[in-house]
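Peer 1: Here's my sequence, what's the structure:
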Amino acid sequence: MGNMKIYDLLIIGAGPIGLACGIEAKKANLDYVIVEKGCLVNSIYHYPINMTFFSTSERLEIGGVPFISHGDKPTRREALDYYRRVASSWKLNLKLYEKVENIKKVASKASEKPIFEVHTSKNIYQTKHIVLATGFYDLPNLIGAKGENLPKVKHYYDEPHPYAFQKIAVVGAANSAVDVALETFRKGAEVTMVIRESEIRKSVKYWVRPDIENRIKEGSIKAYFNSEIIEIREREIDVKTPKGVITLENDFVLAMTGYLPNFDLLTMVGVEITNTEQLYPMYDSQTQESNQQGVYLAGVVCGGMETNKWFIENSIIHSEKIIQHILKNSC
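Peer 2: All right, here's what the predicted structure looks like:
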């Protein structure tokens, strides 16, 4: 251990913001490594196959690499191609399929600043600084129903074809749930929406909202508002509605209820969590440094439970703030 290499910076997460941090580190001649528990831009890879981004391609660019898409807004496949090209163009130091399992501070030899030892599923690293750029798409927000662990329950949606001619329940009232309900309905599924709220959310895309409301109104898609699934079984589900508990025949439950930041990783490294509802991690918005010296936050993880607060185009700037602060403190 005594002769182990000490990196200037270890970045956890190889999504667009993690890659942007790596690019800024490379530009600053810092010795860095990016560690990712899955594949490159793992969250984007797990998006629905036919997904199109809200943002235009130029707003998703990082590292000065042009992002050219065929339409006004890029597709998932075009984004995967683009970020592979970014990683290749910048020759980023990537360690993929390495899950971080433990982080601890070790004695620093020549400085009062901490040295972190990061244990992954494959290696052990030592680093002066850590960036958590872990996004939020890896941990589903569970609905808490009995039987939620059955294989028929899906928290990730890829494409509508597997659900053709099946009885499916879509849980949620936001964009993802609405998109899934409409796509599967148009591929022949018998769709029922189970919604905790009293209506489809106001935040649903304005060009989609009338479509789902009309399908519900005409009865093509059944919707139970102010309701929740309380038990899931192989061939049916129990739904608690304002009129009492009902049992519905069911083949699949698609729980589009959102995702959570990796709070275990945040607490593992000592980042303080504030606000009992939104669970904001503590950090300085000017530098992105958390309450733990040498530990920085970048991207969606900064928003806690408000996972729609930060996204690619408005958090790329985090990478520049972090590297500038590291360089300033290293002088």
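
Peer 1: what distance separates the start and the end of stretch 220-236?
Peer 2: Terminal residues of stretch 220-236 are spaced 20 Å apart (C-alpha to C-alpha, to the nearest Å).

Peer 1: Tell me the buried residues in it?
Peer 2: Residues of stretch 220-236 classed as buried: 221, 223-225, 227-229, 232 (neighbour count, 16 or more other C-beta atoms under 10 Å). All C-beta spots, glycine's among them, are computed from the backbone N, C-alpha and C.

Peer 1: Closest to residue 302 out of these?
Peer 2: Residue 302 lies nearest to residue 228 out of the buried residues of stretch 220-236, by C-beta to C-beta, at 29.8 Å.

Peer 1: need the contact list for the closest one.
Peer 2: Shown in contact with residue 228 (C-beta atoms under 8 Å, 6 or more residues apart in numbering): 143, 145, 194, 196, 239-240.

Peer 1: same thing but 7 Å
Peer 2: Shown in contact with residue 228 (C-beta atoms under 7 Å, 6 or more residues apart in numbering): 194, 196, 240.

Peer 1: among the residues you listed, which ones are buried?
Peer 2: Buried by 16+ other C-beta under 10 Å: 194, 240, out of the contacts of residue 228.

Peer 1: For residue 105, state which of the contacts of residue 228 is nearest.
Peer 2: Checking these one by one against residue 105 (C-beta to C-beta), the nearest turns out to be residue 196, at 41.7 Å.

Peer 1: Who's the closest spatial neighbour of that closest one, skipping the chain neighbours?
Peer 2: Leaving out its chain neighbours, the residue that sits closest to residue 196 by C-beta to C-beta, 6 or more residues apart in numbering is residue 228, at 5.6 Å.

Peer 1: From residue 239, how far off is that neighbour?
Peer 2: Going from residue 228 to residue 239 by C-beta to C-beta, to the nearest Å gives 7 Å.

Peer 1: that older thread, export the buried residues of stretch 220-236 as CSV, with columns for pLDDT and secondary structure.
Peer 2: Shown next, in CSV, are these (pLDDT from 0 to 100; DSSP: H, G, I helix; E, B strand; the rest coil):
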residue, pLDDT, secondary structure
221, 98, coil
223, 98, strand
224, 98, strand
225, 98, coil
227, 98, coil
228, 97, strand
229, 98, strand
232, 98, strand
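
Peer 1: circling back to that earlier point, which residues do residue 228 and residue 239 both contact?
Peer 2: Common contacts of residue 228 and residue 239, defined by C-beta under 7 Å, 6+ apart, comprise residue 194.

Peer 1: Kindly list the main-chain dihedrals of residue 30?
Peer 2: Phi and psi for residue 30, reported as degrees, to the nearest 10, are phi -90, psi 150.

Peer 1: Let me see the contact set for residue 15.
Peer 2: With contact taken as C-beta under 7 Å, 6+ apart, residue 15 is in contact with 41-43, 133, 135, 299.

Peer 1: how much space is there between the nearest residue to residue 124 once chain neighbours are set aside and residue 192?
Peer 2: Closest residue to residue 124 apart from its sequence neighbours, by C-beta to C-beta, 6+ apart: residue 117 at 6.5 Å. Plainly put, residue 117 is 50 Å away from residue 192 if you go by C-beta to C-beta.
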